[in-house]
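Asks: Compute the structure for the input listed below.
(chains A, B and C)
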Amino acid sequence: MKQQQKSSFKKFLRFLSDNTVTVLFVIICAVSIPLSGYSLTYLVSEIIVRMARDSFLIVSLLIPIMAGMGLNFGMTLGAMAAEIGLICICDWGVVGIPGIVLAAIISTPISILLGWWCGKILNLAKGREMVTSYIIGFFMNGIYQLVVLYCFGGIIPVRSSKLVLPRGYGIRNTVNLSGIRLKLDNLLAIRIGTISIPIGTFLIIAALCLFVLWFKKTKLGQDMRAVGQDMEVSRAAGIKVEHTRIISIIISTVLAGYGMIIYLQSMGTLNTYNSHTQVGMFSIAALLVGGASVSKANIRNVFLGVILFHLMFIVSPMAGKNLIGEAQLGEYFRVFVSYGVITLSLVLYELRKKRELGDEGAALAAGQKEEGK
Amino acid sequence: MSKKRLLIRLGTLVGVLLLAVLMYFVGREHTILVDDKSVGDYKALATVDVGVDKQKSMELAARDRDKFVVTSQSHSITIKFTDSNWNEQTITRKFKVPVGLDTVIISLPTLAANPDAPQADWLAEYIPPTVVVRQDTTSETVNTEDSFSF
Amino acid sequence: MNKIKEFVNQFGLPRIIIGLFLLLLFIIAPFVGVKVSTSINDTLVRFGMNSVLVLAMVPMIHSGCGLNFGLPFGIIAGLLGATLALECEFHGVVCFLMAILFATPFAVIFGWGYGKLLNKVKGGEMMIATYVGFSSVAFMCMMWLILPYKNPTMVWGYSGRGLRTTITTEGYFLHVLDDFLKIKIGRLVIPTGMILFFAVLAFCMWAFLHTKTGTAMTAVGSNPIFARASGINVDRIRTLSVIMSTWLGAVGILVYEQSFGFIQLYMGPFYMALPAVSAILIGGASVNKATVANVIIGTFLFQGILTMTPSVMNAAVHTDISEVVRIVVSNGMILYALTRKTEASR
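Replies: So this is what the prediction gives:
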């Protein structure tokens, strides 16, 4: 009897250590929600809106993880491609669903090009993919600024003067997306009381999830998983390792572009120079909160992560205000938690990796000892 | 690469391009200005009731101008008015917004007088009157700082 | 032809491009009305401001911990030192020295913990360093709000509680190094004190690297297996290098603040690692090899570009693309370094 109790306790501990980040977050949320004083209906409706807004973006992170490329900070590139597409449709005055589709079509070739370039650089920095994709995001931000702040309106003609800065060239700080605002969300929306559920968007997210599940079973998907496990073994098995890695980044970038469009149609306004930089950070944080790691992530992590991360995000300022008297404290708290989560996940991942290698080595040594007897 | 594969890829590419063009036309927003001003021989109507597509109709008096915002190219316009013989007339015409134009203006008196005239007679591109604009000295500084709101 | 190719390969094409670009800017300057003396003046001042922060990169690169993206952690120690010195109402040079004194224990403790963490995650240091840096800045944001500071020049006026976002160093330690022994040549003012201060630290670093511990550090960085076989305690050396980096980061931000004139709290230090990292990479360092010469050349080139581009570009083509140039140059340099094959591969 005692033996059983001991082992189930051990199992519980193991569960805690494997899912530390998620458990920590659940505790934080459980404490903060009552502190914040928000009503349940408010929270539920906010979470539903944010799930529809952000899930697509987070799903786009799954494929590079599968291929062993780690967390794709380069999804920012897809976001930028989407923004360029949106600037175009705003300029041409195309609205509604056709506008969204057109923006997606415009963003695709740009995403493919950027994803290809990003993949090529990541292949040159094997073993350091995450830091490199992180810096690539910053670098491309510079190029993006060069294009959007200096070329648009000058070399690249922009007809609508609403979009252009007073000085004559360069796009304004904020672009009003009223033409496509909530058009996808409201397509097939169901109202329950005061809560509006954007079925249209959820259908698209569901389609994407099905796509990812199907993709894992295709030859390309299997190749990616093999490359993710062990590059040299896959190479020996005849898989074109570099090529496969680049394709995983391209797919991720294109999906990130579409996800960005969904995100922005929900927001309704485009912050021309800031929207894309934040997107990468919070998508990765949410995925990690959902229990994913640098080498393993599935769809469950995406949805669990969105719910927990955004719950924390919404309730922190008010919780901080009611606890200490400063809402600002709550705001800084949520920034700290977002970065802390990523730090913790990265550290735990490395520790676990070392532990597993150590276990393997010990098992190997024990096996050899046996044979030696 | 096998020929069949190449053909399929080319086909998809062409299909997507066609879809993009279709989206452009279907989704393009236009502003239709309706004008009840005297033009040449055609006198302005005292009151006229104007409706475009299924939108709510508006009533205009002489010298009035109003606007409708529509998407896509083809529309119908319906006007109800009382003509010089004190008869109520209802005229419905289909029209297409010419490609590439943002805003067009329809002269209601012209349309009322010749309901079957070709579109070009009563629909024209709207060119905003050029006004001397002082140089916009408002400066908008671009803010590239992060603000950490998700 | 071959010799040129060899030279280019060794020096690195991006570095040569950057060097030539800077030279070009200096040449164009007088033709578009930018005074060369002001440019040199500004470049020297910015060189001095950033030099110690860049120097902070050297210990960690040497010991194989990679590029110190977690520099903000050390900067925080420096900020704590500065705010405490101001709170205690010291003035002038004494204030500066007290700031360093106050910052040191923080830097050592932070560095020690940070170093221990990095030792446990060998191989993934750079990414974790980045996020440790970010998390610490975010954490301190909360702290700056609630720590019980009282000095009226530092706290918000209305509530009297919580530090302001920027605090001026005027009246405290503004320009204490800059003005020390400054040399005026016509319109050119050389901030001798600041540069001397950096020179002393740089010399100490160079000397340290030639001591027994220093050579051990180099061994750990370039060949950890050999180092361990020679009986060197790899983990202890790495922790030492992290403490040194953190302390130099703390001193570095103090040097920066005394010249800049402001203490920037809250999100200020957030991205401060990137310019320092790019600077040392521009100077010729790689992910696991860096010398003091790299620091000097790199800081000069990087700050030179940052100073010259706005003034020259503005005057020449009436557009200010300096921000874009800064982003592209600094991040491009880091990308270049990350994609090189290193001698000590993982």
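Asks: residues touching residue 21, list them.
Replies: The chain I'm using is chain A. Contact analysis of residue A:21 by Cβ atoms under 8 Å, 6 or more residues apart in numbering or on different chains lists A:288, A:289, A:291, A:341, A:344, A:345, A:348. Every C-beta, even on glycine, is put in place using the N, C-alpha and C of the backbone.
Asks: Sorry, I should have been clearer: chain C.
Replies: Applying Cβ under 8 Å, 6+ apart, the residues near residue C:21 are residue C:305.
Asks: Please, which helix or strand holds it?
Replies: Assessed by DSSP states H and E, residue C:21 sits inside helix C:13-31.
Asks: For that helix, buried residues please.
Replies: The neighbour-count check on helix C:13-31 (16 or more other Cβ atoms under 10 Å in any protein chain shown) flags C:14, C:15, C:18, C:19, C:21, C:22, C:25, C:26, C:29 as buried.
Asks: what's the distance between the residue of chain A found nearest chain C and residue A:80?
Replies: Chain C sits closest to residue A:142 of chain A, with a gap of 3.2 Å, by Cβ to the nearest Cβ. Going from residue A:142 to residue A:80 by Cβ to Cβ, to the nearest Å gives 11 Å.
Asks: Comparing those two, which residue is more hemmed in?
Replies: Between residue A:142 and residue A:80, residue A:80 has the larger neighbour count (other Cβ atoms under 10 Å in any protein chain shown), namely 30 against 20.
Asks: Okay, the closest residue to that one other than its chain neighbours and residue A:176: tell me how far apart.
Replies: Nearest non-adjacent residue to residue A:80, counting by Cβ to Cβ, 6 or more residues apart in numbering or on different chains: residue A:144, 4.7 Å away. Using Cβ to Cβ, one gets 20 Å for the distance from residue A:144 to residue A:176.
Asks: So for the two, which sits in the more crowded spot?
Replies: Counted by other Cβ under 10 Å, residue A:144 and residue A:176 do not tie: residue A:144 has more neighbours, with 24 against 13.
Asks: Where do the strands of chain B begin and end?
Replies: B:29-35, B:47-52, B:58-61, B:65-71, B:74-82, B:88-96, B:103-107, B:123-125 (DSSP state E).
Asks: Quick one: closest of those strands to residue C:298.
Replies: For the strands of chain B, distance to residue C:298 was read as Cβ to Cβ. The smallest value, 52.7 Å, belongs to strand B:29-35.
Asks: That closest one vs chain A: in contact?
Replies: Yes - for strand B:29-35, a contact with chain A is found by Cβ under 8 Å from any Cβ of the partner chain, at B:29, B:30.
Asks: Which elements pack onto that strand?
Replies: With contacts defined as 3 or more Cβ pairs under 8 Å, 6 or more residues apart in numbering or on different chains; DSSP states H and E, strand B:29-35 has these neighbours: strand B:47-52, strand B:65-71, strand B:74-82, strand B:103-107.
Asks: Mean pLDDT and mean neighbour count added to these, as JSON lines?
Replies: Output for the helices and strands packed on strand B:29-35, formatted as JSON lines (pLDDT from 0 to 100; neighbours: other Cβ atoms under 10 Å in any protein chain shown):
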{"stretch": "strand B:47-52", "mean pLDDT": "80", "mean neighbour count": "19"}
{"stretch": "strand B:65-71", "mean pLDDT": "83", "mean neighbour count": "15"}
{"stretch": "strand B:74-82", "mean pLDDT": "80", "mean neighbour count": "17"}
{"stretch": "strand B:103-107", "mean pLDDT": "81", "mean neighbour count": "19"}
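Asks: Can you name the residues that contact residue B:126?
Replies: B:31, B:33, B:101, B:103, B:104, B:105 are the contacts of residue B:126 under Cβ under 8 Å, 6+ apart.
Asks: For residue A:148, give its distance to residue A:173.
Replies: For residue A:148 relative to residue A:173 (Cβ to Cβ), the value is 11 Å.
Asks: of the two, who's got more company?
Replies: More crowded of residue A:148 and residue A:173, by other Cβ under 10 Å: residue A:148, with 20 against 16.
Asks: Quick check, that one in contact with residue A:81.
Replies: No - if you go by Cβ atoms under 8 Å, residue A:148 and residue A:81 don't touch, sitting 11.7 Å apart.
Asks: Where does residue A:184 fall, secondary structure wise?
Replies: Counting by DSSP H and E, residue A:184 is part of helix A:183-186.
Asks: burial count for residue C:266?
Replies: 20.
Asks: And residue A:285, how far from chain B?
Replies: According to Cβ to the nearest Cβ, to the nearest Å, residue A:285 and chain B sit 9 Å apart.
Asks: swap in residue C:229?
Replies: 46 Å.
Asks: Contacts only, for the nearest residue to residue B:31 once chain neighbours are set aside.
Replies: Sequence neighbours aside, residue B:103 is the residue nearest to residue B:31 in space, at 4.4 Å (criterion: Cβ to Cβ, 6+ apart). Neighbour list for residue B:103: B:30, B:31, B:32, B:33, B:125, B:126 [criterion: Cβ under 8 Å, 6+ apart].
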